[in-house]
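K.L.:
pasting the sequence and the predicted coordinates here, then a few questions.
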Amino acid sequence: MNLPPYKTALRSRRINPFRVMDVLRRARELEAAGIDIVHMEVGEPDFTTALPVVEAGRKALTAGHTYYSAAAGIPALREAISEFYAERYRVEVSPDRIFVTPGASGGLYLLANLLIDPGDGVLLADPSYPCNRNFINLMGAEPQLVPVSAASQFQPETSMLDQHVKPNTTGLWLASPSNPTGTIIDRSALSTLTAWARSHRCHVLADEIYHGLHYVEDIPSLVQIESDGFVVNSFSKYFGMTGWRVGWIVVPQAVVGQVELLCQNLFIAASTIAQHAALAAFEPATIEILEQRRNEFKRRRDFLSSALQQIGLILPAVTDGAFYLYADISRFSDNSEAFCADLLEQHGVAMTAGTDFGEFNAHKFVRIAFTTSMERLETGVERLARALK
């Protein structure tokens with residue numbers, strides 16, 4: 001490896017690769033060479049953005065909404081998100097506590113800067129979304145991984161937190177539904193976890209970007225349980241606006257001023273056009289489209305869950321949300337990276353190794369995304385069956 005003739009920050013060299021993007025890059029190289037690839041690797045809905053949202057974006061351009069917005073976001077969108085919480089979760093969240101961000105990633109980065117000092121420790125599940133660990137590393141802090149398994153639905157429990165908490169622990173980061181496992185934290189468990197954090201003087205941050213893409217009746221939001229908690233959400237997944245790069249965070253009233261200063265300095269403002277487009281995401285016509293898509297994701301989940309188990313993969317937990325299955329491949333391989341590489345290069349199936357999401361048993365798991373059509377999923381299963389034989 002060639003080193004540059006200047007110093008780079010040590011913390012930047014501690015960042016783990018986001019392997020799914022490497023898989024996607026290689027899959028596209030193979031496609032460019034004429035090889036057919038079934039994409040079951042990337043966490044992006046295959047549906048294009050709903051037409052009412054697209055039309056709202058076009059109108060915003062025509063109306064000249066191409067200037068900076070307020071750092072916290074356009075007032076109408078903050079109010080619409082507040083109304084969304086009132087209607088969907090039956091909880092009052094003041095628009096003042098809602099900040100529009102450049103995707104959930106922008107929100108996570110902002111909150112990392114707000115909440116974490118160098119030397120702090122933050123508890124989070126292993127496996128979990130890899131960029132969360134990297135945001136903590138970039139703060140010069142310590143990601144404190146809590147190994148979770150099917151026995152706890154791949155979610156942390158307070159007994160596990162007791163084993164992994166350290167004197168420098170200042171935060172607990174949760175995700176429901178989880179990436180990569182698709183499991184959720186139910187209302188009772190969320191209350192117990194937040195009470196534990198409060199007793200240990202830890203902040204609680206909940207990644208809720210897959211809310212809406214859930215297949216159970218009740219999925220609680222942290223804002224219903226803990227007024228001092230921090231919520232990250234996004235228009236990317238349920239609302240199907242990945243490329244628009246717009247999300248939001250909900251913060252306690254006590255830090256509203258600090259958060260606005262961070263918005264001004266870290267990214268000035270989220271995309272004005274994307275914010276005006278996102279206003280249409282809450283319209284009844286849009287929600288109707290999104291609910292149809294959620295039903296289609298559930299149909300794909302049901303098909304893929306059954307088909308994968310029939311060909312010998314183990315699914316130790318039920319996917320109650322998001323669009324992923326976390327599959328145990330230990331009957332076939334003890335090296336998830338080699339397993340995925342072989343499937344891609346030799347069989348034209350792209351999926352993500354468990355090593356992208358942590359350390360605990362990562363070599364024996366893969367994440368399989370059902371973010372492609374039923375027809376392509378069927379083709380993928382056929383290829384997998386041949387490969388496993």
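P.N.:
Looks like it arrived, so ask away. Predicted model only: the values in this text are computed from it and were never measured.

K.L.:
residues in contact with stretch 296-316?
P.N.:
Contacts made with stretch 296-316 from outside it, assessed by C-beta atoms under 8 Å, 6 or more residues apart in numbering, are listed as 149-150, 213, 215, 318-319, 323, 325-332, 368, 370, 374, 377-378, 381, 384-385, 388. For the C-beta atoms, the positions are set from N, CA and C on the backbone; glycine is no exception.

K.L.:
what comes up buried for it?
P.N.:
Along stretch 296-316, these residues count as buried under the neighbour rule (16 or more other C-beta atoms under 10 Å): 296-298, 300-301, 304-305, 307-308, 313, 315.

K.L.:
burial of the spatially closest residue to Ala112 that is not a sequence neighbour, as a residue count?
P.N.:
With sequence-adjacent residues excluded and distances taken as C-beta to C-beta, 6 or more residues apart in numbering, Ala112 is closest to Phe135, at 4.4 Å. Counted with other C-beta atoms under 10 Å, the neighbours of Phe135 add up to 23.

K.L.:
go on, Ser159?
P.N.:
9.

K.L.:
A strand includes it, no?
P.N.:
No. When classified by DSSP: H, G, I helix; E, B strand; the rest coil, Ser159 is found to be helix rather than part of a strand.

K.L.:
how much space between it and Asn295?
P.N.:
Here the distance between Ser159 and Asn295 works out to 37 Å (C-beta to C-beta, to the nearest Å).

K.L.:
what of Gly354?
P.N.:
With C-beta to C-beta as the criterion, Gly354 and Asn295 are 29 Å apart.

K.L.:
same thing with Val204?
P.N.:
For Val204 relative to Asn295 (C-beta to C-beta), the value is 32 Å.

K.L.:
and the strands in the stretch 151-300 of the chain?
P.N.:
169-175, 203-207, 230-234, 247-250 (DSSP state E, counting those that start in this stretch).

K.L.:
now distance to Leu344 too, for the ones you listed, in JSON lines please.
P.N.:
As requested, the strands of the stretch 151-300 of the chain are arranged in JSON lines below (distance: least, C-beta to C-beta, whole Å):
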{"stretch": "strand 169-175", "distance to Leu344": "26"}
{"stretch": "strand 203-207", "distance to Leu344": "28"}
{"stretch": "strand 230-234", "distance to Leu344": "28"}
{"stretch": "strand 247-250", "distance to Leu344": "30"}
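
K.L.:
of the ones you listed, which approaches Leu30 most closely?
P.N.:
Within the strands of the stretch 151-300 of the chain, the stretch nearest Leu30 is strand 230-234; the backing value is 29.5 Å (C-beta to C-beta).

K.L.:
can you give me how far that closest one is from the chain middle?
P.N.:
10 Å (C-alpha atoms, centre = their mean, to the nearest Å).

K.L.:
the longest helix seen in the chain: what's the following helix or strand?
P.N.:
When the chain is parsed with DSSP state H, its longest helix is helix 284-310. On the C-terminal side of helix 284-310, the nearest following helix or strand under DSSP states H and E is strand 324-328.

K.L.:
what's that following strand in contact with?
P.N.:
By C-beta under 8 Å, 6+ apart, strand 324-328 touches 43, 127, 154, 179-182, 301, 304-305, 308, 313-317, 319, 354, 364-370.

K.L.:
quick one: it to helix 284-310, angle?
P.N.:
An angle of 10 degrees separates the directions of strand 324-328 and helix 284-310 when computed by axes from the mean of the first three to the mean of the last three C-alpha atoms, to 10 degrees.

K.L.:
what's the mean pLDDT across strand 324-328?
P.N.:
Average pLDDT, strand 324-328: 97.

K.L.:
which strands or helices does the helix or strand following that strand pack on?
P.N.:
Of the helices and strands lying after strand 324-328 in sequence (DSSP H and E), the nearest is helix 336-347. Here helix 336-347 is seen to pack against helix 19-32, strand 349-350, strand 352-353, strand 365-369, helix 374-388 when contacts are counted using 3 or more C-beta pairs under 8 Å, 6 or more residues apart in numbering; DSSP states H and E.

K.L.:
now with 7 Å, please.
P.N.:
Applying 3 or more C-beta pairs under 7 Å, 6 or more residues apart in numbering; DSSP states H and E, we find helix 336-347 packed against helix 19-32, strand 352-353, strand 365-369, helix 374-388.

K.L.:
export the ones you listed to TSV and append columns for mean pLDDT.
P.N.:
TSV is the format used below for the helices and strands packed on helix 336-347 (pLDDT from 0 to 100):
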stretch	mean pLDDT
helix 19-32	85
strand 352-353	94
strand 365-369	97
helix 374-388	96
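
K.L.:
please report how far His45 lies from Phe239.
P.N.:
Actually, residue 45 is Pro rather than His. Taking C-beta to C-beta as the criterion, Pro45 is separated from Phe239 by 9 Å.
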